[in-house]
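Colleague: Structure for the following, please:
(2 chains)
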There are 2 protein chains.
Amino acid sequence: MSHQFAQTPLTRVRRAALRADYDRETVHAILDSAYVCHIAFAVDGQPHCIPTAHWRIGDTLHIHGSNGSRLLRALAEGAAASVCVSHVDGLVLARSAFHHSMNYRSAMIYGRFEPVVDEAEKMASLVAFMEKVSPARWPTVRPPNSKEMAATFMLAMPIVEAVAKLRSGPPIDDEADMDWPVWAGVMPLETRFGEPIAAVATPTVAV
Amino acid sequence: MSHQFAQTPLTRVRRAALRADYDRETVHAILDSAYVCHIAFAVDGQPHCIPTAHWRIGDTLHIHGSNGSRLLRALAEGAAASVCVSHVDGLVLARSAFHHSMNYRSAMIYGRFEPVVDEAEKMASLVAFMEKVSPARWPTVRPPNSKEMAATFMLAMPIVEAVAKLRSGPPIDDEADMDWPVWAGVMPLETRFGEPIAAVATPTVAV
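Modeller: The predicted structure is shown next:
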């Protein structure tokens, strides 16, 4: 399998082409390090932008939701979709207003989802999701029963038409502005876990 | 002006309706505390999901980009759009696999963008953007010249059809699972600034 995604009319980056990256590992890493993606698709000509948890199994992106979701059903029927995952890594403060920027990593996938219907595949997908969210937790929790499995709608999209866009590093100012008397640099943004908050209340009062 | 956005067929939350919030301040706060939104729209029937920096001026959402961007131009021509901003605040680990969840805040806007063409309005919008990214920085940087202003394409969307969705708090397990022998609770996710990284190199070597 190629280490690079093929450039297509949809994924060819026309602007700022130097920031485009078709490397499979780069795209996968961006997908794996985020918990939520945004999915664009249209229903009856109306675009929707839906945030939802995602996870990856090999070259396939998985999402899930409620059986009753009208929008998930539209996706399951094969609506053309565009999935994006973005990380903002820092604010880039330049000497000139114009050259301010952001450091970021984003991955974009174009494709269509298909429902995951096979029971074993559904279960394997849920296990993979848990492994991403909390490694080694799956064997410790109360497993899903058949009613819960039936209520869970799962979709998968092959990651074939994909591209990453990235910016990192310091501001890039015009030579003429280098002596402008202002601080320039990067304000890094970091996402990290805080202290775990144990659940102590019963469901009745915890809502 | 009402403190609540009107519910419309597009913004009425059908699933998990208790997590929907039409409060103007809630929507604004979610928009303001993120640097990047995702915009869904279609060009020739093909959906795109574009991450881009956004900022708010009153009841208007602003974005900008390059004059040469094909996708921005499609938005400027009045393509129907859906804008989403999402924060993931924590992983919610329940006693049962099924009740795992995430704490999040998201805001969704349906509407259309219009180009900001008036020079004074464009400048005011850039000032507002800088004020969001780095308060009080604007007067200290080299201001945009006419060539840079001409190269900057700005769009604004009225925030009229909008809704927030939120989840917070501990896992909500079934009563029957409360004694399941596993830790349950929330793993909070926090985004914060790291130590500023001063730019020292010249543009020549900083790329």
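
Colleague: Report the buried residues of stretch A:135-145.
Modeller: The neighbour-count check on stretch A:135-145 (16 or more other Cβ atoms under 10 Å in any protein chain shown) flags A:W138, A:V141, A:R142, A:P144 as buried. Yep, even glycine has a C-beta here, placed from its N, CA and C like the rest.

Colleague: Provide a list of residues in contact with the third one.
Modeller: What it means is A:R142. B:R95, B:S96, B:A97, B:D177, B:W180, B:V182 (Cβ atoms under 8 Å, 6 or more residues apart in numbering or on different chains).

Colleague: quick one: the helices in chain A?
Modeller: All helices of chain A, identified by DSSP state H, fall at A:24-32, A:70-76, A:119-133, A:146-151, A:203-206.

Colleague: For those, give me CSV that also has mean neighbour count and distance to B:L189.
Modeller: As requested, the helices of chain A are exported to CSV (neighbours: other Cβ atoms under 10 Å in any protein chain shown; distance: least, Cβ to Cβ, whole Å):
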stretch, mean neighbour count, distance to B:L189
helix A:24-32, 18, 15
helix A:70-76, 18, 24
helix A:119-133, 17, 11
helix A:146-151, 12, 25
helix A:203-206, 12, 20
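
Colleague: mind putting these in TSV, distance to A:F5 and mean pLDDT included?
Modeller: As requested, the helices of chain A are arranged in TSV below (distance: least, Cβ to Cβ, whole Å; pLDDT from 0 to 100):
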stretch	distance to A:F5	mean pLDDT
helix A:24-32	6	97
helix A:70-76	22	91
helix A:119-133	21	97
helix A:146-151	33	95
helix A:203-206	44	38
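
Colleague: my guess is A:D23 meets A:Q4, correct?
Modeller: Yes. Using Cβ atoms under 8 Å, A:D23 is in contact with A:Q4, at 6.0 Å.

Colleague: Am I right that A:L155 is in contact with A:S69?
Modeller: No. Look at A:L155 against A:S69 with Cβ under 8 Å: they stay out of range, at 10.3 Å.

Colleague: between these two, which one's more packed in?
Modeller: Set A:L155 next to A:S69 and count neighbours by other Cβ atoms under 10 Å in any protein chain shown: A:L155 wins out with 23 against 18.

Colleague: What distance do you get for that one to B:D44?
Modeller: To B:D44, A:L155 is 24 Å away according to Cβ to Cβ, to the nearest Å.

Colleague: A:A74 too?
Modeller: Taking Cβ to Cβ, one finds A:A74 at 19 Å from B:D44.

Colleague: which residues in chain A form strands?
Modeller: If DSSP state E is used as the criterion, the strands of chain A fall at A:20-21, A:36-43, A:46-57, A:60-66, A:81-93, A:101-111, A:114-115, A:152-158, A:161-167, A:185-193, A:197-198.

Colleague: The fourth one pairs with which strands?
Modeller: Taking DSSP bridges as the criterion, strand A:60-66 sits next to strand A:46-57 (antiparallel), strand A:152-158 (antiparallel) in its sheet.

Colleague: same question, the last one
Modeller: Strands adjacent to strand A:197-198 in the sheet, as given by DSSP bridges, are strand B:185-193 (antiparallel).

Colleague: ok, now the second one?
Modeller: When sheet partners are counted by DSSP bridges, strand A:36-43 sits next to strand A:46-57 (antiparallel), strand A:81-93 (antiparallel).

Colleague: Can you add mean neighbour count and give the ones you listed back as CSV?
Modeller: Converted to CSV, the strands paired with strand A:36-43 look like this (neighbours: other Cβ atoms under 10 Å in any protein chain shown):
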stretch, mean neighbour count
strand A:46-57, 21
strand A:81-93, 23
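
Colleague: In JSON lines, list those along with mean pLDDT.
Modeller: Shown next, in JSON lines, are these (pLDDT from 0 to 100):
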{"stretch": "strand A:46-57", "mean pLDDT": "97"}
{"stretch": "strand A:81-93", "mean pLDDT": "97"}
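
Colleague: Quick one, which of those strands gets closest to B:E195.
Modeller: strand A:81-93 (11.0 Å; Cβ to Cβ).

Colleague: and the closest one with strand A:161-167, angle?
Modeller: Angle, strand A:81-93 to strand A:161-167, by axes from the mean of the first three to the mean of the last three Cα atoms, to 10 degrees: 10 degrees.

Colleague: can you give me the angle strand A:81-93 makes with strand A:101-111?
Modeller: With the same axes, to 10 degrees defining the directions, strand A:81-93 sits at 170 degrees from strand A:101-111.

Colleague: what angle separates strand A:81-93 from helix B:119-133?
Modeller: 80 degrees.

Colleague: Spatially, and excluding backbone neighbours, which residue is closest to A:A76.
Modeller: Nearest-residue entry for A:A76: A:P115, 4.6 Å, with adjacent residues in sequence omitted and distances by Cβ to Cβ, 6 or more residues apart in numbering or on different chains.
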